[in-house]
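> A predicted structure for the sequence below; I have some questions about it.
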Amino acid sequence: MEIKSKVLIVGGTGYLGKRLVKASLGLGHETYVFQREDMGVDIEKVQKLLSFKKKGAKLVIGSFNDHQSLVNAVKLVDVVICAISGVHIRSHQILLQLKLVDAIKEAGNIKRFLPSEFGTDPARMEDAIEPGRITFDDKMVIRRAIAEAGIPFTYVSANCFAGYFVGGLCQPGFIIPPTDRVSLHGDGNQKSIYVDEDDIAMYTLKTIDDPRTLNKTLYIRPPKNILSQREVVEIWESYIGKELDKFEISKEDFLASMKGAKYEEQVGLTHYYHVCYEGCLANFEVGDDAEEASNLYPDVQYTSVYDYLKRYL
C-alpha cells in the first residue's frame, strides 16, 4: 500500500489555499491546516476552517509571532505547502515565509517544501520592469533562503489563474466576459497559459510524493490552454454567436496608462504587460531542471479554456 505524506497547508483559507486543502484530502493525505491564533473575528475564515475539519482535516493553532508554534506545527508533517496570498508590496508575505523557512530548518524533518509561488517563474524574470519586479525579487529571496537552509523543495509555476484571466478575456480589472467590446493587448496574438485553479491545486498535490519533481520547478502548461488573447476571445465569440468590437492597445499606451494607477495596481499591470505583450509564459522550453505537469500526470483531466468559458453562458 502506498504511504502518503502528511501535509501542512499554510494559508489554507485563501483563494488557492482552500483548493489545496480540498485536493490534499481528495488524494488521501493526512492534512493539517495552519490556524492563526491571531485571526481576530474573521468569521468567514473560521467557517472555512471548521468546514475543513468536518471533511477530515486537522487544525493546527499557531502564530507567526511564535517561532516554537511554527516548529511544532511543522514537526507534525512531512510536507509543507505555503499558500499565503500574494501581496504586491514588500513586507508581509516575504517576512512570514522567511519565518516559516526558519521553522522548517529547525524542525529538520520536512522532505518537501512548496513555497507560495504559483505564478510566473521568478527565475526567468530578472529583466522585469518596475514596479512589478518586486514580486519576483521577493520570491527569489525566499528561494535563496530555502537553498541556504538546505530544504528540499518543489517550485510550482502555474502561469495565469483562469478566474482572473479567462473570465475577463484577459482584460485587467474584468472577471466577467463582455458581450459587446474587448480591448486587446497589441494585436492580441502573444501566447499565454491559463489554468483552472482547482487543476493547479491537484497538480501541486500530485508532486509531493513524486521523486521526479524533487528540487525542481513544475510548470503547469496544459496543451489546450496555451492560447493567445485573440484565441480566447474567439472561443467566447463562438459561444455567444457574435463578434465583439475590438480595440487594440499598444504597449506604449498600456505602459503610459499605468502611471496614474495606485502602486499596487501598477505592480499587477506590470505582470499583465510581461504576460500579454512579451509572452513571457510561453516563449521558452521546459529545461532539464524542470518538469511539465500534464506530461507527468496525464490522468488529471484538466479544464480547458473552452470548457471554462461555458460557465459564463
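Noted; the coordinates are in hand.
> Just the pLDDT for the residue nearest to Asp187 when sequence neighbours are not counted.
Distance criterion CB to CB, 6 or more residues apart in numbering; nearest residue to Asp187, sequence neighbours excluded, is Glu248 at 6.3 Å. Placement of C-beta: from N, CA and C, glycine included. We have a pLDDT of 97 for Glu248.
> Could you do Gly40 as well?
Taking Gly40 on its own, its pLDDT is 72.
> swap in Val141?
On the pLDDT scale, Val141 gets 94.
> ok so it is a strand residue?
No: the assignment for Val141 by DSSP: H, G, I helix; E, B strand; the rest coil gives helix, which leaves it out of any strand.
> wait, doesn't it sit right on Leu95?
No: assessed by CB atoms under 8 Å, Val141 is found out of contact with Leu95, at 10.1 Å.
> Compare those two and say which is more crowded by neighbours.
The neighbour comparison of Val141 against Leu95 (other CB atoms under 10 Å) goes to Val141, with 15 against 12.
> Could you count how many residues lie near Asp180?
So Asp180, with other CB under 10 Å, has 7 neighbours.
> For the helix or strand that contains Thr154, which strands pair with it and how are they oriented?
Assessed by DSSP states H and E, Thr154 sits inside strand 154-157. The strands beside strand 154-157 in its sheet (DSSP bridges) come out as strand 216-219 (parallel).
> and the next element down the chain from the strand it pairs with?
strand 226-228.
> Any buried residues in the helix or strand following that following strand, and which?
Using DSSP H and E, the helix or strand that directly follows strand 226-228 along the chain is helix 229-240. In terms of neighbour count (16 or more other CB atoms under 10 Å), helix 229-240 has its buried residues at Gln229, Arg230, Val232, Val233, Ile235, Trp236, Glu237.
> now stretch 54-70
Buried-residue list, stretch 54-70, by 16+ other CB under 10 Å: Ala57, Val60, Gly62, Ser63, Phe64, Ser69, Leu70.
> SS state for the last one?
What three-state DSSP gives for Leu70 is helix.
> separation between it and Met258?
Distance, Leu70 to Met258, by CB to CB, to the nearest Å: 37 Å.
> residues contacting Glu44?
For Glu44, the contact set (CB atoms under 8 Å, 6 or more residues apart in numbering) comprises Thr13.
> Over to it: give its phi and psi.
Main-chain dihedrals, Glu44, degrees, to the nearest 10: phi -60, psi -40.
> quick one: pLDDT of it?
For Glu44, the predicted pLDDT is 92.
> swap in Gly287?
Predicted confidence (pLDDT) at Gly287: the value is 85.
> what about it, how many neighbours?
With other CB under 10 Å as criterion, Gly287 counts 10.
> Out of the buried residues of stretch 54-70, flag the one nearest to Leu281.
Phe64 (31.5 Å; CB to CB).
> Give me the local confidence score for the closest one.
pLDDT at Phe64 comes out at 94.
> now do the one 5 residues further on
Confidence at Ser69, expressed as pLDDT, is 97.
> And for Ile89?
pLDDT at Ile89 comes out at 45.
> Which pLDDT value belongs to Asn132?
I think there's a mix-up here, since residue 132 is Gly and not Asn. 87.
> residues touching it, list them.
Neighbours of Gly132 in contact, by CB under 8 Å, 6+ apart: Gln266, Val267, Gly268, Leu269, Thr270, His271, Tyr273, His274.
> Report the separation between the nearest residue to Met125 once chain neighbours are set aside and Gly40.
Nearest non-adjacent residue to Met125, counting by CB to CB, 6+ apart: Phe136, 4.1 Å away. Distance, Phe136 to Gly40, by CB to CB: 31 Å.
> now Leu184
Taking CB to CB, one finds Leu184 at 43 Å from Gly40.
> now swap in Ile142 and tell me
In terms of CB to CB, Ile142 sits 26 Å off from Gly40.
> coming back round to it: which one of Leu184 and Gly40 is surrounded by more residues?
Leu184 (20 against 8).
> can you give me the strands in the stretch 1-150 of the chain?
7-10, 31-36, 58-62, 79-82, 112-114 (DSSP state E, counting those that start in this stretch).
> Tell me how many other residues surround Ala123.
Other residues close to Ala123 by other CB under 10 Å number 15.
> go on, Ile134?
Ile134 has 17 nearby residues by other CB under 10 Å.
> Check the one 5 residues further on too.
Look at Lys139: counted by other CB under 10 Å, it has 25 neighbours.
> right, and it touches Glu117 too?
Yes: Lys139 lies in contact with Glu117 (CB under 8 Å); the separation is 5.8 Å.
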